[in-house]
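Visitor: Following is a predicted model, sequence given first.
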Amino acid sequence: MKPQDVVAVKSSLWIFGYGSLVWKPDFKYKRSKIGYIKGYKRRFWHGDNFHRGDDEMPGRVVTLIEEDDACTWGVAFEVTGSQVEESLKYLNVREAVRGGYLTQALEFFPQGTNQSPVQALVYIATADNPIYLGPASTEEIAAQIAVCKGKSGHNIEYLLRLAEFMRVSCPDVDDPHLFSIEAAALTIIRPILLASQKPVSSVKH
């Protein structure tokens, strides 16, 4: 499904976010719901040379990898009327042009009882993308995230905000990939933060 095709036929649309969209959608929407999609796992396997890194030191951000028994939690935003075209124009630049993500329509399952699933537009980066980085060890991913920075800020902010969202909004959901990378990245930067907080001793002349 292409975004322009959605605009032609939809007066309302759900957009599912599983990365930075969960805390920073930056487009107007009617309402949002926490929930999940099935058949995909979230992985820090995509490169980012704009928002959270640059060409020399690309950051790592999440994409979705197909896996039958997996599910990924996030937030779906409903946009209506003029919001549909406005949000898709904005996300085309943010996610597709600058991020290298493609769009796909998937079934979104809202959190809670008596909630019916809805079709939602999802942005996914695949392995044939030039800035796709692929799998690496937890330690390697954490080390890369700890040092990278792009136009939207530090890569580690992206990681910590996503982990915070999962803890606050989906407290009963375990995400070993996300939380293990968070722990490894904090192990790397904690000594640096502690060192920066130590008072500088006065120099005696």
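Guide: That came through, no problem. Residues are numbered from 1 along each chain as shown.
Visitor: give the contact list for the residue lying closest to residue 51 once chain neighbours are set aside.
Guide: Closest residue to residue 51 apart from its sequence neighbours, by Cβ to Cβ, 6 or more residues apart in numbering: residue 152 at 4.0 Å. For glycine as for every other residue, the C-beta is placed from the backbone atoms N, C-alpha and C. Contacts for residue 152 (Cβ atoms under 8 Å, 6 or more residues apart in numbering) come out as 20, 50, 51, 52, 158.
Visitor: same deal with residue 73?
Guide: Going by Cβ under 8 Å, 6+ apart, the list of residues near residue 73 reads 18, 34, 35, 36, 166, 169, 170, 173, 175.
Visitor: out of these, who's nearest residue 197?
Guide: Nearest to residue 197 among the contacts of residue 73, counting by Cβ to Cβ, is residue 166 at 27.5 Å.
Visitor: returning to what we had before: which members of the contacts of residue 73 occur in strands, if any?
Guide: 34, 35, 36 (DSSP state E).
Visitor: hmm, back to that, and the residue nearest to residue 51, what pLDDT?
Guide: At residue 152, the model reports a pLDDT of 95.
Visitor: My guess is residue 134 contacts residue 43. True?
Guide: No. Counting by Cβ atoms under 8 Å, residue 134 stays clear of residue 43, with 9.1 Å between them.
Visitor: Perfect, I'm done here.
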